[in-house]
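Peer 1: sequence and predicted structure, then a few things I'm wondering about:
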Amino acid sequence: MMLAPGAPPLVLASSSSTRAALLQAAGLPFAARPAAVDEAGLKEAAQAENLPPAEAATLLADAKAERVARRMLREEPEALVIGADSLVVCEGRWFDKPEGLEGARAQLQTLRGRTHELVSAVVCWRHGARIWHHAATCRLSMRDFSDAFLDAYLAAEGEEVTYSVGAYRLEGLGMHLFRAVEGEHAAILGLPMLPLLDFLRQHGVVLR
């Protein structure tokens, strides 16, 4: 329990087990309230408007947090709602969560031997309004792995790879895919924890 006395209830607007694990590891009790938003539609609109990836990721995180925050005004009006989203961008192309193992294979073949950006945004809502947001951009360089390795990797990871926008879990076997990574580890996993903790600390939510 790292919350300060009188801290508001924390709510994670996500069903992501990885993001939940990051909050748990930081000693932050929270309730998970997944948000149903049209992610594909929002991404399509963001690309049509030529939004930078950081703005697009923030837009998606904000939509999730707002949806849950509006609901929490009735259930728990003092709650602080955390929304997050991540985008993978390589040479101007945006990647979504792959459809099935063959989709993951095609995505990883495209990223193989290249450096891509993973943008993770986090947004906080309270009392029906957004009070803070942050977007972190990490750079990840995949090594030029063999087809034999790719076969073994997909066989070992199975459907887990389809739950990640990058078709990899850096906290697991996905680390074998890379030769170099730049950026906060938690941000690569989908939730920039250091800036989030700093915000919570400054606002009396987490012990200073």
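Peer 2: Nice, I can see it.

Peer 1: averaged pLDDT, the longest strand seen in the chain. What do you get?
Peer 2: If you go by DSSP state E, the chain has its longest strand at strand 129-142. For strand 129-142, mean pLDDT is 98.

Peer 1: give me the helices and strands touching the very next helix or strand once past it, please.
Peer 2: On the C-terminal side of strand 129-142, the nearest following helix or strand under DSSP states H and E is helix 147-157. For helix 147-157, the packing partners by 3 or more C-beta pairs under 8 Å, 6 or more residues apart in numbering; DSSP states H and E come out as helix 100-111. C-beta coordinates here come from the backbone N, C-alpha and C atoms, glycine included.

Peer 1: elements contacting the helix it packs on?
Peer 2: Partner elements for helix 100-111 (3+ C-beta pairs under 8 Å, 6+ apart): strand 80-90, strand 93-95, helix 147-157.

Peer 1: find the residue at the geometric middle of the protein.
Peer 2: For the chain, the residue nearest the mean C-alpha position is residue 190 (2.8 Å; C-alpha atoms, centre = their mean).

Peer 1: from residue 67, how far off is that residue?
Peer 2: Distance, residue 190 to residue 67, using C-beta to C-beta, to the nearest Å: 18 Å.

Peer 1: next one: residue 99
Peer 2: Applying C-beta to C-beta to residue 99 and residue 67 gives a distance of 24 Å.

Peer 1: again, but for residue 74
Peer 2: From residue 74 across to residue 67, the span is 13 Å (C-beta to C-beta).

Peer 1: please apply the same query to residue 130.
Peer 2: For residue 130, the distance to residue 67 - C-beta to C-beta - is 12 Å.

Peer 1: how far off centre is the worst-scoring helix or strand of the chain on mean pLDDT?
Peer 2: For the chain, counting by mean pLDDT, DSSP states H and E, helix 39-48 ranks last in confidence among helices and strands (a mean of 89). From the chain centre to the centre of helix 39-48 is a distance of 17 Å (C-alpha atoms, centre = their mean, to the nearest Å).

Peer 1: one more: stretch 175-182?
Peer 2: Chain-centre distance of stretch 175-182: 18 Å, with C-alpha atoms, centre = their mean.

Peer 1: residues in contact with it?
Peer 2: Identification of contacts with stretch 175-182 by C-beta atoms under 8 Å, 6 or more residues apart in numbering yields 108, 138-143, 145, 149, 153, 168, 170, 188.

Peer 1: same deal with stretch 49-59?
Peer 2: So stretch 49-59 is contacted by 42-43, 46-47, 85-87, 89, 94, 117, 119-121, 123, 133, 135, 137 (C-beta under 8 Å, 6+ apart).

Peer 1: drop anything exposed from these.
Peer 2: With burial judged by 16 or more other C-beta atoms under 10 Å, the buried subset of the contacts of stretch 49-59 is 42-43, 46, 85-87, 89, 94, 117, 119-121, 123, 133, 135, 137.

Peer 1: okay, residue 99 and residue 67: which has more neighbours?
Peer 2: Higher neighbour count among residue 99 and residue 67: residue 67, with 19 against 11, using other C-beta atoms under 10 Å.

Peer 1: hmm, that one is touching residue 35, no?
Peer 2: Yes - using C-beta atoms under 8 Å, residue 67 makes contact with residue 35 at a distance of 4.2 Å.
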